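Asker: what would the 3D arrangement of this be:
(one chain, ligands or ions: 1)
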Amino acid sequence: MTAQIIDGKFLAQKICSELKQKISAFNDNSPCLAVILVGDDEASRIYVRNKQKKAAEVGINCRVIELSSSIGENALLSTINELNNDPDVHGIIVQLPLPEHLDKQKIIFSISPDKDVDGFTPYNNGLLSYNHHDAFISATPKGVLAMLQSIGIDLRGKHAVVIGRSQIVGRPMGKLLLNHDCTVTITHSHTVNLPSITQTADIIVSACGQPQMIKSSWIKDGAIIIDVGINRLNGHLCGDIDFEDVKSKASYITPVPGGVGPMTVAMLLANTFEAFLRQKDHPQHHCCHGHDCHCSK
Ligand code: NAD
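Answerer: Residues are numbered from 1 along each chain as shown. Here you go, the predicted model:
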């Protein structure tokens, strides 16, 4: 068997051209995504530039707010508060990682759930746990789901093994697959005998950041393999899956690059458009700061 490739670049282009068409119907008004970039991490700059370019292609205005790596927590929180209250901004993301001195959770939690197009706030995570349709779902898991749906498989009852339990990929991925009736196993760096678990998987979604860790001996014949990992090995990009080895045994596989990466950006833009639509119909109704908050909402 040679696995069929799930072409994320192609699928993402299709999603983006549909988005572009929908956005062009609002000719007097366009969605706006605010991206906060703190410091000068080179990889973050590349990711932000890419998001900005793709946003422009679909007609989303991307406002990049560049802040010095020495910015204090209160100054950053007040920037987010201004964006939360700006009716011209529909989505807000904070590019990670943040410099060490900043409390990542405190920063992320301060984003209004209405504008949390990365789906990282506890509110949207909670909605995802409830399988509630209002949840903004993190872009990477949402992109992975779209890839699985693109091949037309019935997810019900499939054993899905997620490798990695981060807040941005592994955990929301597990919840999303559970919401689609998979039987889900979430594994991580303390999991004992991981290959014995992956060998029972119908679907593997790997997001552990370990270059080419998953070999053909770890999977069963015909498994569907989704590689979220983006790693560097000998100067080249690669995923968590040993692609050349695994592709002869899997039924479907995603490449790196050109797999989950482009889907993540497309889903971020789709979430921003969704936030724009909701805010047009119902101006902000959530305050994320608790009862003693004095923000203008
Ligand atoms: P993270 O470091 O926050 O989490 C990694 C997870 O993998 C942890 O839960 C850890 O327990 C687990 N893990 C580490 N080593 C393991 C091992 N040997 N066996 C089993 N589990 C192990 O990383 P993250 O932010 O979730 O990202 C994971 C990978 O996905 C990285 O390579 C990252 O670059 C990539 N990524 C890609 C996209 C995309 O759009 N394609 C988006 C986000 C992250």
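Asker: which SSE is immediately downstream of the helix or strand encompassing residue 43?
Answerer: Residue 43 belongs to helix 42-58 when assigned by DSSP states H and E. The helix or strand immediately downstream of helix 42-58 is strand 61-67, counting by DSSP H and E.
Asker: by contact count, what packs against that following strand?
Answerer: strand 32-38, helix 42-58, helix 73-84 (3 or more CB pairs under 8 Å, 6 or more residues apart in numbering; DSSP states H and E). For glycine as for every other residue, the C-beta is placed from the backbone atoms N, C-alpha and C.
Asker: and among the ones you listed, the most buried is which?
Answerer: When the helices and strands packed on strand 61-67 are scored by mean count of other CB atoms under 10 Å, the highest mean neighbour count falls to strand 32-38 (a mean of 23).
Asker: contacts for it?
Answerer: 44-45, 48, 51-52, 55, 60-69, 71, 76, 79-80, 83, 86, 88-95, 98-99, 102, 117, 268-269, 272, 276 (CB atoms under 8 Å, 6 or more residues apart in numbering).
Asker: pull up the pairing partners for it, direction included.
Answerer: Note on strand 32-38: by DSSP bridges, its sheet partners are strand 61-67 (parallel), strand 91-94 (parallel).
Asker: can you add mean pLDDT, mean neighbour count and distance to the ligand and give those strands back as TSV?
Answerer: Formatted as TSV, the strands paired with strand 32-38 follow (pLDDT from 0 to 100; neighbours: other CB atoms under 10 Å; distance: least, CB to the nearest ligand atom, whole Å):
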stretch	mean pLDDT	mean neighbour count	distance to the ligand
strand 61-67	98	16	17
strand 91-94	98	26	13
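Asker: out of those, which gets nearest to residue 209?
Answerer: strand 91-94 (20.1 Å; CB to CB).
Asker: just the C-alpha atoms of stretch 177-189, please, in CSV.
Answerer: Taking Å, rounded to 0.1, in the frame of the first residue of the first chain, the C-alpha atoms of stretch 177-189 are listed here in CSV:
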residue,chain,number,x,y,z
LEU,A,177,-12.2,14.2,17.9
LEU,A,178,-14.3,13.1,20.9
ASN,A,179,-17.0,15.6,19.9
HIS,A,180,-17.0,13.8,16.5
ASP,A,181,-17.5,10.4,18.2
CYS,A,182,-14.0,9.0,18.0
THR,A,183,-12.6,6.9,20.8
VAL,A,184,-9.7,9.1,21.9
THR,A,185,-6.4,8.3,23.6
ILE,A,186,-4.3,11.4,24.4
THR,A,187,-0.6,10.5,24.9
HIS,A,188,2.4,12.5,26.0
SER,A,189,6.0,12.4,27.1
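Asker: can you name the residues of the stretch 1-150 of the chain that neighbour the ligand?
Answerer: Applying CB under 6 Å from any ligand atom, we find that the stretch 1-150 of the chain lies next to the ligand at residue 140.
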